[in-house]
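Chemist: I'll drop the sequence and a predicted model, then ask my questions.
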Amino acid sequence: MKNHRTSLLAKLCSLASAFSVAVITACATPTPSVRVIAFGDSLSDLGTYALRTEGKTAGKFTTNPGPIWVEIVAASLGTTATAYRHAGWGRTEIILGGLVYAEGGSRVAEQPGSFNTDATNGVASGQTTMPIREQIAVHQRRDGFHANDVVLIWGGPNDLFRHATFAPAPTPEAGEALVREAARLLADSAREIASTGVSKVVVLTIDDYGEVPGVRNTPNRTKMSAWSGAFNEELVAGLRGSRALVVDAHRILRDGRSDPARFSLKNAANPACTVQTLPFRSVLFCTEQTLVEPNANSTYLYADGVHLTSAGHRLIAEAVVQVLQGPGTGGAR
């Protein structure tokens, strides 16, 4: 039956000039469906560590159940986004098959990432933190890139936290050099993906991590702000001349902090989640029942000290969708 239908369509299409435009359109090669592929860290993680919550939440680093920016962008393109795997915290890896490879704690190119090692149980008993460049390599081995792919990349903060907190660099200058190198490597990866002929590659700059709630009142504030700027400077410079589109999340979130009301927010300075009462003080366990006040998920910018609420993710998603729909290279300066 399939061969008969194919043959009939071929005969009709061979006579297309004698038919209406509708028939001619039907004979055109179908447009492949869009695939959204995402690489990054906790800001793009769709539930790598969900099993850790024992079913209490979707396991996203936000005001669960979300959605996060990757899901919103995918929906705007008429598709869905799902996680690549469940892993981490000593649990057996489960390959889910999705195309969102982002994992909480991941750095651009190096291990360990944030909270990768549990002091009691050893390496990989915490977050798995597959580096972004390894995430990309996994996808290339698994499936490769197609012409209908929209690729989203957001990473870098865990390199800052590594050199500021987990394994402090000997000097601010040394730390900045390491951060700049991470940005160059991320730009290189984005350029390589863009050169494969995918539909779009979108790369986001990072927030000012000296001004987020979890860092603003600490001794690392000045250093983290400087390093955030250095990372973004290097990232944008490395993408010039490529097909990659840049979305200036740094500017968007800065504007959100300075004028929350402009974005229908009421608080951009404090966490929406009652972090101190959550298991392991982890935002993975944040839900609508653990907010500091009703609807904080939609009126606060930050879920905890560094991660975004559903409202924060909406701001980022709107900017990404705008860039995908329009000309130019985004809002990076």
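Modeler: Nice, thanks for sending it over.
Chemist: so where's the stretch 1-150 of the chain shaky on pLDDT?
Modeler: Low-confidence segments of the stretch 1-150 of the chain (pLDDT under 70): 1-32, 118-120, 123-124.
Chemist: got the residue ranges for the helices in it?
Modeler: 2-14, 21-27, 69-76, 132-142 (DSSP state H, counting those that start in this stretch).
Chemist: And the last one, what's buried?
Modeler: Okay, so that is helix 132-142. 132, 133, 134, 135, 136, 139 (16 or more other C-beta atoms under 10 Å). C-betas here are computed from N, CA, C, even on glycine.
Chemist: Does the fourth one touch residue 99 like I think?
Modeler: Pointing back at residue 135 there. No. Using C-beta atoms under 8 Å as the test, residue 135 is too far from residue 99 to be in contact (10.5 Å).
Chemist: hey, what's in contact with both of those two?
Modeler: residue 84 (C-beta atoms under 8 Å, 6 or more residues apart in numbering).
Chemist: First-to-last residue distance for stretch 152-168?
Modeler: Stretch 152-168 has its terminal residues 29 Å apart, counting by C-alpha to C-alpha, to the nearest Å.
Chemist: distance between it and the chain's centre?
Modeler: What separates the centre of stretch 152-168 from the centre of its chain is 14 Å, taken as C-alpha atoms, centre = their mean, to the nearest Å.
Chemist: quick one, helices of the stretch 151-300 of the chain?
Modeler: 157-161, 172-194, 221-239, 249-258, 296-299.
Chemist: so which of the ones you listed gets nearest residue 145?
Modeler: helix 172-194 (6.3 Å; C-beta to C-beta).
Chemist: follow-up on the earlier one: arrange the helices of the stretch 151-300 of the chain in JSON lines, one row each, with mean neighbour count and distance to residue 150 as further columns.
Modeler: Shown next, in JSON lines, are the helices of the stretch 151-300 of the chain (neighbours: other C-beta atoms under 10 Å; distance: least, C-beta to C-beta, whole Å):
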{"stretch": "helix 157-161", "mean neighbour count": "27", "distance to residue 150": "23"}
{"stretch": "helix 172-194", "mean neighbour count": "20", "distance to residue 150": "11"}
{"stretch": "helix 221-239", "mean neighbour count": "21", "distance to residue 150": "16"}
{"stretch": "helix 249-258", "mean neighbour count": "19", "distance to residue 150": "17"}
{"stretch": "helix 296-299", "mean neighbour count": "21", "distance to residue 150": "26"}
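Chemist: closest to residue 284 out of the ones you listed?
Modeler: Short answer: helix 296-299, nearest of the helices of the stretch 151-300 of the chain by C-beta to C-beta, at 14.6 Å.
Chemist: Tell me who's in contact with the spatially most central residue of the chain.
Modeler: Nearest to the geometric centre of the chain sits residue 44, at 3.0 Å (C-alpha atoms, centre = their mean). Residue 44 makes contact with 38, 68, 69, 70, 100, 102, 152, 154, according to C-beta under 8 Å, 6+ apart.
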